[in-house]
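*Asks:* Sequence first, predicted model second:
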Amino acid sequence: MNEQKIIFLVMLSIYTPTSAFAQVESQHLRELVELSARRLVIADQVAFAKWDNGMPVEDASREDHIISRATKAGQSRGLDPTSVSNFFRAQIEANKLVQYSLLADWRREGRAPDHSPVDLPNTIRAKLDDVDKELIAELAESRVVRGSASCPTDIARAVRKYTLAHTKQFSPLKAIALDRALAAACIDLPRE
């Protein structure tokens, strides 16, 4: 082999794993953003249920239950309980932001848009619970990229890319809520 081929092969072996690693980590961020977005889409159904039943947006006992369950599930995957708690608190706050905004719009209009009855306790909460389980799994998978120095920028870019790709289904309100939902995604990893 000539010297140029050897140099090329060495460079390929050096940069390919890093590039592949970066792609895998980027995929984990995309999946985290998509799951958070899916959780926010469900907020519409929660708002309908709360409108129909005259329920308040705030439900402290339910929120505590979600955070407690998520923290325990995160610990079983080796995640820091405080970071999991902060992440899910941000998810809940983002969901409430959407609910408050929708309910205010409907009050101004004097009615909610036409919709089928929504079964919050049995159907919608089960969907949220499923997304929460997937979020825990993705938090574990994305631990390295969420601990990187570039995490805040990477998250912001992933959110922007998602919202631009879903402008018809994702309103400016939901884009803001998605930023809020992922505000606590980045973590400080222990330095060795």
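*Replies:* Perfect, I can see it now. Residues are numbered from 1 along each chain as shown.
*Asks:* Enumerate every residue touching the spatially most central residue of the chain.
*Replies:* For the chain, Ser36 is the residue whose C-alpha lies nearest the centre (Cα atoms, centre = their mean; 2.5 Å). In this structure, Ser36 makes contact with Gln91, Ala94, Leu135, Leu178, Ala181, Leu182, judged by Cβ atoms under 8 Å, 6 or more residues apart in numbering. To be clear about C-beta, it is placed using only N, CA and C from the backbone, and glycine gets the same treatment.
*Asks:* Assign it to helix, strand or coil.
*Replies:* What DSSP: H, G, I helix; E, B strand; the rest coil gives for Ser36 is helix.
*Asks:* Let me see the mean pLDDT of stretch 40-48.
*Replies:* The average pLDDT within stretch 40-48 is 96.
*Asks:* quick one: contacts of that stretch?
*Replies:* The contact list for stretch 40-48, computed with Cβ under 8 Å, 6+ apart, reads 94-95, 98-99, 102-103, 112, 115, 118, 120, 124, 127-128, 131, 169, 174, 177-178, 181.
*Asks:* Any of these buried? List them.
*Replies:* Among the contacts of stretch 40-48, those classed as buried by 16 or more other Cβ atoms under 10 Å are 94-95, 98-99, 102-103, 118, 120, 124, 128, 131, 174, 177-178, 181.
*Asks:* Going by residue numbers, what spans are helices in the protein?
*Replies:* 3-53, 60-76, 81-109, 125-141, 143-146, 151-165, 172-181 (DSSP state H).
*Asks:* Can you add distance to Ile187 and give those back as a markdown table?
*Replies:* Supplementary listing: the helices of the chain in a markdown table, determined by distance: least, Cβ to Cβ, whole Å:
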| stretch | distance to Ile187 |
| --- | --- |
| helix 3-53 | 12 |
| helix 60-76 | 11 |
| helix 81-109 | 5 |
| helix 125-141 | 9 |
| helix 143-146 | 5 |
| helix 151-165 | 8 |
| helix 172-181 | 15 |
